[in-house]
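Trainee: Okay, sequence plus prediction incoming.
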Amino acid sequence: PGTYMYHSHYGMQRMGGLYGSIEVAVADGVQEPFSYDA
């Protein structure tokens, strides 16, 4: 889980706005296998 950045490696796609962020969350009822401080 966490927040990640995605982007294109092709110049025209990047200029056209092909980039952003993705937030990955743990599904309901699923427990993290490790505990850590964020």
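Mentor: In hand now; what should we look at?
Trainee: Could you check how far the most far-flung residue of the chain relative to its centre is from residue 20?
Mentor: Farthest-out residue of the chain from its mean C-alpha position, per C-alpha atoms, centre = their mean: residue 12, at 22.0 Å. Residue 12 sits 17 Å away from residue 20, going by C-beta to C-beta, to the nearest Å. In this view, the C-beta of every residue, glycine as well, is placed from N, C-alpha and C.
Trainee: can you check residue 4 too?
Mentor: 10 Å.
Trainee: likewise residue 36?
Mentor: 25 Å.
Trainee: which ones are touching residue 6?
Mentor: Residues near residue 6 by C-beta atoms under 8 Å, 6 or more residues apart in numbering: 19-22.
Trainee: Could you write out the alpha-carbon coordinates of stretch 3-13 in CSV?
Mentor: In CSV, the C-alpha atoms belonging to stretch 3-13 read as follows (Å, rounded to 0.1, in the frame of the first residue of the first chain):
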residue,chain,number,x,y,z
THR,A,3,1.0,6.4,-3.0
TYR,A,4,2.8,6.0,-6.3
MET,A,5,3.5,8.1,-9.3
TYR,A,6,3.0,7.0,-12.9
HIS,A,7,4.2,8.7,-16.1
SER,A,8,4.8,8.0,-19.7
HIS,A,9,8.2,7.6,-21.2
TYR,A,10,7.1,9.0,-24.6
GLY,A,11,7.4,12.8,-24.9
MET,A,12,4.0,13.5,-26.6
GLN,A,13,2.1,11.5,-24.1
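Trainee: State the mean pLDDT of that stretch.
Mentor: Averaging pLDDT along stretch 3-13 yields 85.
Trainee: I'd like the distance from it to the chain centre, please.
Mentor: In terms of C-alpha atoms, centre = their mean, to the nearest Å, the centre of stretch 3-13 is found 12 Å from the chain centre.
Trainee: which of the residues in that stretch are buried?
Mentor: Within stretch 3-13, no residue qualifies as buried by neighbour count (16 or more other C-beta atoms under 10 Å).
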